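>>> Here is my input, please return the structure:
(one chain, ligands or ions: 2)
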Amino acid sequence: MADRQMPEVDRVAANRAAVAARQARAEVKARLRSGGLTPEQVLAESLDPETSAHSLRVTDFLLCLPSIGSAKMPRILAELTISDKKRLGGLGIHQRQRLENYLALRRLAAQQVPRLTVLAGPTAVGKGTVAAYIRENYPTISLSVSATTRAPRPGEINGTHYYFVSDAEFDRMITDGELLEWATVHNAYRYGTPRTPIEDSSRRGESVLLEIDLQGARQVREAMPEARLVFLSPPTWEELVRRLVGRGTESTDEQQRRLATAQVELAAQDEFDEVVVNDTVERAAERVVELMNTL
Ligand SMILES: Nc1ncnc2c1ncn2[C@@H]1O[C@H](COP(=O)(O)OP(=O)(O)OP(=O)(O)O)[C@@H](O)[C@H]1O
Ligand SMILES: Nc1nc2c(ncn2[C@@H]2O[C@H](COP(=O)(O)O)[C@@H](O)[C@H]2O)c(=O)[nH]1
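Ligands and ions are numbered 1, 2, ... in the order given. From the prediction side, this is the model:
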């Protein structure tokens, strides 16, 4: 029956039921996100038409799982040949089986391979500040130390903040395949992630954090698709401008150039698995570490 032909009392009841169902689904999503329910439990529950898991969309279900964002989710659905219109309760037997297998493989992979996490984002959003806070306050997280051709700033220590190398040495590192990724950043100096320390940390079962630029993040995604990409985003555009100008380390021309690049970089955030807003340094760092400690 068309909505307008429904008696008023039925329409009110139908609306109430729809709102209640939406709330129940939101609750399932919240419990999935907080780890209160495992994905396997939700999938099992969805067999029962009385549960809210039954009417949860497969798209929403996947988006609640750590490291699955709006870019990765359609790829997974395509691999599992499941339509983005499907709800968990409406999965065919083979679709359900493929989803169960996918979850089982994910769990296994997460247990065996310590995750590499990449933190990237536009200039002056606070990547360096958040990474430094993590270095000081979360000693179990190991931070990759990049090689760079720029000169040290006051207080920077070779081997702690960067490996400061000459152009010739950087060329050699590239030729010898020593870098997992590298890029010329802000049209100025070259920066790269040494490969061996990452492999050693992985073998020791440590979670490693890379604070690098967008070009580097894309290279890591190619080389290590299992890496988790986290985009650090500013609370607002105005705040980003304030941070860049307030830092006072670039000329006005350079600030304009970086802001133009920042607009392009902000548009790339859908490529990332997670977005963390850097409102306060403490909260942003806590959220990044929380992501690193979840599957
Ligand atoms: N949460 C925050 N609230 C207020 N100011 C912040 C916050 N995070 C960082 N800042 C300030 O913003 C400025 C830029 O931070 P930072 O240098 O860490 O950015 P970045 O992303 O590493 O930049 P770049 O990519 O250009 O090297 C600094 O002055 C820093 O103190
Ligand atoms: N692609 C890479 N980018 C890197 C790496 N290490 C740092 N960076 C990025 O460079 C800029 C500038 O850093 P600064 O210390 O000179 O201010 C910043 O955006 C970093 O994220 C790297 O190994 N690879």
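>>> Any regions of this structure where pLDDT drops low?
The chain contains residues with pLDDT under 70 at 1-4, 110-114, 295.
>>> So what's the residue count around the one residue in it that gets nearest to ligand 2?
In the chain, the residue that lies nearest ligand 2 is G216 (2.5 Å; C-beta to the nearest ligand atom). Placement of C-beta: from N, CA and C, glycine included. G216: 23 surrounding residues under other C-beta atoms under 10 Å.
>>> Could you say which helix or strand holds it?
Assigned by DSSP states H and E, G216 belongs to helix 214-223.
>>> Does that helix pack against any helices or strands, and if so which?
Using 3 or more C-beta pairs under 8 Å, 6 or more residues apart in numbering; DSSP states H and E, the elements in contact with helix 214-223 are strand 116-120, strand 179-185, strand 189-194, strand 228-233.
>>> Return the residues of the stretch 101-250 of the chain in contact with ligand 2.
Residues of the stretch 101-250 of the chain found near ligand 2 (C-beta under 6 Å from any ligand atom) are 127-128, 146, 150, 181, 183, 185, 191-193, 211-213, 215-216.
>>> show me what contacts the nearest residue to S207 once chain neighbours are set aside?
Using C-beta to C-beta, 6 or more residues apart in numbering and skipping the chain neighbours, the partner closest in space to S207 is M292 (4.8 Å). For M292, the contact set (C-beta atoms under 8 Å, 6 or more residues apart in numbering) comprises R115, T117, I141, S207, L209, R228.
>>> hang on, the earlier thing: next, format the helices and strands packed on helix 214-223 as TSV and append distance to S46.
Formatted as TSV, the helices and strands packed on helix 214-223 follow (distance: least, C-beta to C-beta, whole Å):
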stretch	distance to S46
strand 116-120	30
strand 179-185	40
strand 189-194	41
strand 228-233	26
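>>> could the ones you listed be laid out in CSV, adding mean neighbour count?
As requested, these are exported to CSV (neighbours: other C-beta atoms under 10 Å):
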stretch, mean neighbour count
strand 116-120, 26
strand 179-185, 20
strand 189-194, 20
strand 228-233, 25
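>>> quick check, distance from stretch 276-291 to the centre of its chain.
The offset between the C-alpha centroid of stretch 276-291 and the centroid of the whole chain comes to 12 Å, using C-alpha atoms, centre = their mean, to the nearest Å.
>>> try stretch 179-197
On C-alpha atoms, centre = their mean, the centre of stretch 179-197 falls 20 Å from that of its chain.
>>> all strands of this structure, in order?
According to DSSP state E, the chain carries its strands in the segments 116-120, 142-143, 146-148, 162-164, 179-185, 189-194, 208-211, 228-233, 274-277.
>>> That concludes my questions; thank you for your assistance.
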